[in-house]
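**Q** the following comprises the amino acid sequence and a computationally predicted model.
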Amino acid sequence: RFKAVIFDLDGVITDTAHYHYLAWKRLAESEGVPFDEAFNEHLKGVDRMGSLDLILARGSRSYTQDEKLALADTKNRHYQQLIATMTPDDLLPGALRALEEVRAAGLKTGLASVSKNAFTVLDRLGIRDRFDYVVDAARIANSKPHPEIFLTAAQNLGVAPGDCLGVEDAVAGVASIKDAGMYAVGVGSPEVLTRADRVIPSLQKFSLQDY
Ligand code: B16
Ligand code: MG
């Protein structure tokens, strides 16, 4: 019944969510700000400056805009170091099969990541040509949970939002899909992804006939 499936990247197709976590943790600790997995959950799907603001708000001092830009840059360098050695082996189990299933069923395939490093990651994974449209995060004004990124993907795929299925691992991402008027498949735990229409533990359990 769907005409397109729009995937998130970090945490759905590959575990860069963990690399983002490590890079932010290193930065937060250098600023004396406490950081753990539970807090990191709020950062998933949130863009770089938005994430930094959330982290620094837990610290004890305020920062100038220049200081913030420098810190964001430092985090990005930590992150780029971590993704530089990725290979197709870093695809999460079931990811390639899910992409193949969508294409074989005659549906369009889109990618909606707010990461400015998404094209690099797709190239390292060797899967850029498996998508009919990849949103360029640099052209998105509003990060997830705003629906802009999923709506942009749908528009460029030429499919109405109501005919799209979105796949996300983040609370902010699921909100973005639902507010775009799409069906949301969450990847993770149902206790966390409460707004998703269905939750699966990984793409290994993704099956179009279930939705
Ligand atoms: P960058 P997604 C998001 O990607 C990540 O979930 C989030 O943790 C990160 O801060 C954001 O990308 C920006 O990434 O610093 O590389 O531009 O989940 O939308 O694929
Ligand atoms: Mg994600």
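**A** That came through fine. Ligands and ions are numbered 1, 2, ... in the order given.

**Q** show me which helix runs longest in the protein.
**A** helix 65-83 (DSSP state H).

**Q** after that one comes which helix or strand?
**A** Using DSSP states H and E, the helix or strand that follows helix 65-83 in sequence is helix 95-104.

**Q** chain center to that following helix, what's the gap?
**A** Taking CA atoms, centre = their mean, to the nearest Å, one finds the center of helix 95-104 at 18 Å from the center of the full chain.

**Q** kindly report the residues of the protein close to ligand 2.
**A** 8, 10-11, 169-170 (CB under 5 Å from the ion). To be clear about C-beta, it is placed using only N, CA and C from the backbone, and glycine gets the same treatment.

**Q** could you look up the SS state of residue 110?
**A** Of the three states, residue 110 takes strand under DSSP: H, G, I helix; E, B strand; the rest coil.

**Q** not counting sequence-adjacent ones, nearest residue to residue 181?
**A** Distances taken as CB to CB, 6 or more residues apart in numbering put residue 161 closest to residue 181, at 4.3 Å, once the chain neighbours are dropped.

**Q** from residue 147, how far off is the one you found?
**A** Going from residue 161 to residue 147 by CB to CB, to the nearest Å gives 8 Å.

**Q** between those two, which contacts overlap?
**A** Contact criterion CB atoms under 8 Å, 6 or more residues apart in numbering; residues shared by residue 161 and residue 147: 180-181.

**Q** coming back round to it: most surrounded residue in the residues of the chain next to ligand 2?
**A** residue 8 (29 neighbours; other CB atoms under 10 Å).

**Q** kind regards, and thank you for your time.
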